[in-house]
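dropping the sequence and predicted coords here.
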Amino acid sequence: MKTLFIPAKSTMQITDSELKDLSKNLPKNLAIAYSIQYKDLAEKIKSTLSKKHKITFFTQVLGCSKPNFPKNTKAILLISDGKFHAISLAHETKIPVYLFTNGILQKISKKEIEILEKKQKGAYLKFLHAEKIGILISTKPGQENLKKAIEFRKKHKNKTSYLFISNNIDTNEFENFQIDSWVNTSCPRMDMNEGSIINISKVS
C-alpha cells in the first residue's frame with residue numbers, strides 16, 4: 001500500500017508592523033526554521049528579514065530532525081505551534097531560540113531548558129537502577145533501528161529486557177507493562193514528554 005503525504009498549509013498571516021517588530025527583536029545573524037504548515041509564511045518572513053539580517057540557514061523541522069546550524073548563527077527563529085520543537089532545539093543546539101506563533105514572539109527561557117534536562121537526568125537514573133527495561137522500536141521508515149536494539153539488548157545482559165515493536169508508539173500504554181525504564185531507539189525527541197524514556201544514545 002502506498003502512502004501519500006499531503007502537507008496542510010496554515011492560514012496565519014503576518015502584518016508589516018509584526019515584521020518590523022521581529023526585525024527589531026532578533027539578532028543580525030539568524031537561522032529560520034519552520035513546521036511544514038508554515039512554509040509559505042516562513043518564506044515571506046525570510047524575504048523581509050534578509051534585508052537587514054544575515055539568514056545563516058533556512059530549514060524545515062520535523063519531530064525527529066536535528067539540523068546542524070552554522071557556527072555564526074546567533075539565534076534561531078522557529079515558526080511553529082507549541083514549544084515542543086523550540087525547547088528541543090534550544091537544548092540540543094545551545095543557541096537562543098525564538099518562537100513565533102499566533103503573531104507573538106517569545107524566547108525560550110533557561111528555566112524551560114532546565115526542566116527538560118532534569119527530566120532527562122531522572123530518566124537516566126531510572127535506567128541505571130532498572131531491573132526490567134523495555135526497548136522501543138518503530139517500524140516507520142527512517143526510525144526503524146531493530147538491529148541497534150538487538151545489539152543494545154545483548155550488551156545489557158544484566159537487565160531483563162523486552163523488545164516492543166510498533167508503528168505508532170503510544171506512551172499511554174506503558175502502564176500496562178511492569179517496566180522500570182524505557183529505552184527509545186526511534187524518534188530522538190520522545191524523551192521530552194515521558195520521564196521514564198531515555199534515548200539509546202544516552203546509555204549506549
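Sure thing, it's come through.

check which helix or strand the closest residue to Lys46 other than its chain neighbours maps to.
For Lys46, the nearest residue in space outside its immediate sequence neighbours is Ile32; the separation is 5.4 Å by C-beta to C-beta, 6 or more residues apart in numbering. Yep, even glycine has a C-beta here, placed from its N, CA and C like the rest. Assigning secondary structure by DSSP states H and E places Ile32 in strand 29-34.

contacting residues around the following helix or strand past that strand?
Reading on from strand 29-34 to the C-terminus, the next helix or strand found by DSSP H and E is helix 39-49. Counting by C-beta atoms under 8 Å, 6 or more residues apart in numbering, helix 39-49 makes contact with 7, 9-10, 12-14, 19, 22-23, 26, 30, 32-34, 55, 58, 60, 77, 79, 100, all of which sit outside it.

equivalent analysis for stretch 108-116, please.
83, 86-91, 96-99, 192.

so among these, where is pLDDT lowest?
Between these, the one the model trusts least by pLDDT is Met192, at 70.

what separation is there between that one and Thr160?
Met192 sits 26 Å away from Thr160, going by C-beta to C-beta, to the nearest Å.

those two: who's more crowded?
Under the neighbour definition other C-beta atoms under 10 Å, Met192 and Thr160 were set side by side, and Met192 has more, 19 against 12.

just confirm that one contacts Leu89, I think it does.
No - when contacts are counted by C-beta atoms under 8 Å, Met192 is not listed as touching Leu89 (11.3 Å).

which strands and helices lie in contact with the strand holding Ile32?
helix 39-49, strand 54-60, strand 75-79 (3 or more C-beta pairs under 8 Å, 6 or more residues apart in numbering; DSSP states H and E).

what is the shortest one packed up against?
Going back to what we said before, that points to strand 75-79. strand 29-34, helix 39-49, helix 84-93, strand 97-101.

how far does it sit from the chain's center?
The chain centre lies 13 Å from the centre of strand 75-79; the measure is C-alpha atoms, centre = their mean, to the nearest Å.

angle of that strand against helix 39-49?
Compare the direction of strand 75-79 with that of helix 39-49 by axes from the mean of the first three to the mean of the last three C-alpha atoms, to 10 degrees and you get 140 degrees.

can you list the strands that strand 75-79 pairs with?
Note on strand 75-79: by DSSP bridges, its sheet partners are strand 29-34 (parallel), strand 97-101 (parallel).

what's the angle from the shortest one to helix 84-93?
Relative orientation of strand 97-101 and helix 84-93, computed by the same axes, to 10 degrees: 170 degrees.
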